[in-house]
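K.L.:
With the sequence up front, the predicted model follows.
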Amino acid sequence: MNSKNTTKNLVRAALIAAIYAALTYVAAGLGLAYGPIQFRLSEALTILAAFTPAAIPGLTIGCFLGNLGSPYGIVDILCGTAATFVASVATYYISKKARKLVPMLAPLPPVIANAVIVGLEITMFLPEGASLIGFAVSALSVGVGELVVCYALGLPLYFLLKKSPIAKYLFE
């Protein structure tokens with residue numbers, strides 16, 4: 001890889017991280033970024049991993065920065081960031097392996113990763129202790145919020161970027 005592409009990818013990742021973190025703090029201001037009911041606007045950006053591998057570090061670092069404000073502290077910083085990393089890698093590989101199904105499948109990894117990882121994390125904070133029912137409820141509530149954001153915002157973003165000549169310049 002030449003230095004021009006390396007610099008472009010570094011800038012792409014930094015921009016994605018900054019936008020993700022900023023949108024997370026907007027959602028936090030609305031009470032929607034942390035906890036069992038989440039509608040993080042920033043999660044719509046996970047679709048960017050279908051366009052560029054630079055989205056993987058960008059989303060991961062953005063989530064890390066966004067989770068610095070989490071009331072769950074270091075646990076959310078680590079678990080939430082891990083969920084975003086897993087989701088962005090899976091989204092990237094789906095975009096490479098199942099090209100025709102990308103629009104419908106690309107938003108799914110963030111839904112699954114966050115439901116499982118963040119659902120488990122939240123379950124560990126329940127006052128009555130961890131339980132299978134507590135996990136199911138937490139995973140379902142996080143998963144539904146993630147599903148709404150990734151499909152209602154992320155999917156239109158995908159189609160907008162797919163048709164945009166600016167996106168072609170940004171992600172090539």
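P.N.:
Arrived safely.
K.L.:
how far out from the middle of the chain is the longest helix seen in the chain?
P.N.:
Longest helix of the chain, by residue count under DSSP state H: helix 3-29. What separates the centre of helix 3-29 from the centre of its chain is 12 Å, taken as C-alpha atoms, centre = their mean, to the nearest Å.
K.L.:
Report the mean confidence score over the helix or strand just after that helix.
P.N.:
Sequence order places helix 55-66 as the next helix or strand after helix 3-29, per DSSP states H and E. Average pLDDT, helix 55-66: 98.
K.L.:
got the CA positions of helix 55-66 in CSV?
P.N.:
Only the C-alpha atoms of helix 55-66 are listed here, as CSV (Å, rounded to 0.1, in the frame of the first residue of the first chain):
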residue,chain,number,x,y,z
ALA,A,55,-14.4,2.2,8.9
ILE,A,56,-13.2,-0.7,11.1
PRO,A,57,-10.7,1.3,13.2
GLY,A,58,-12.8,4.5,12.7
LEU,A,59,-15.9,2.9,14.2
THR,A,60,-13.9,1.1,16.9
ILE,A,61,-12.1,4.2,18.1
GLY,A,62,-15.3,6.3,17.8
CYS,A,63,-17.1,3.9,20.0
PHE,A,64,-14.3,3.9,22.5
LEU,A,65,-14.4,7.7,22.6
GLY,A,66,-18.2,7.7,22.8
